[in-house]
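Trainee: Task: produce atomic coordinates for the following.
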Amino acid sequence: VQLVESGGGSVQAGGSLKLSCAAFGDAVDDRTWAWFRQAPGGGREFVAVISWAAETTRYSEAVKGRFTISRSNAKNAVYLQMDSLRREDTAVYYCAAGEWSDNYNYEWTYDYWGPGTQVTVSE
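Mentor: You can find the predicted model right below:
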């Protein structure tokens, strides 16, 4: 399975972006999807997760209320709507797919990763 993110770019603070991640090579409709991000000089941190049937979502405290994760099993894709962006949201954003786990906020939970897409928020 290959994951490919798109939709990154540069935006002013307060603006919005929508990231997409598509899976190629195999269906992932029974997988859990997640988004992580890595800021310059920092480690990779959890952003959001959605279960395979979309009945469960979780967010980091840093993005709760501003970001929304969704998925389309028909399109083999997951999305991250990012609103009210802040400068501290600047990072490379990665999508990941794996099995649902109570450890959903840890990188090692996920089997597949995309190469990442850059999001830059300026004042």
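Trainee: For the spatially most central residue of the chain, list each beta-bridge partner.
Mentor: Centroid-nearest residue in the chain, with CA atoms, centre = their mean: residue 35, separated by 2.3 Å. On DSSP bridges, the residues paired with residue 35 through beta bridges are residue 48, residue 95.
Trainee: for residue 105, what are its contacts?
Mentor: Contact partners of residue 105, counting by CB atoms under 8 Å, 6 or more residues apart in numbering, are 46, 49, 58, 60. In this view, the C-beta of every residue, glycine as well, is placed from N, C-alpha and C.
Trainee: Residue 34 - nearest residue in space that isn't next to it in sequence?
Mentor: In space, and not counting its chain neighbours, residue 34 is closest to residue 49: 4.2 Å by CB to CB, 6 or more residues apart in numbering.
Trainee: thinking again about what came up before, spit out the contact partners of the residue nearest to the centre of the chain.
Mentor: Residues in contact with residue 35 (CB under 8 Å, 6+ apart) are 19, 21, 47, 48, 49, 69, 78, 80, 93, 94, 95, 96.
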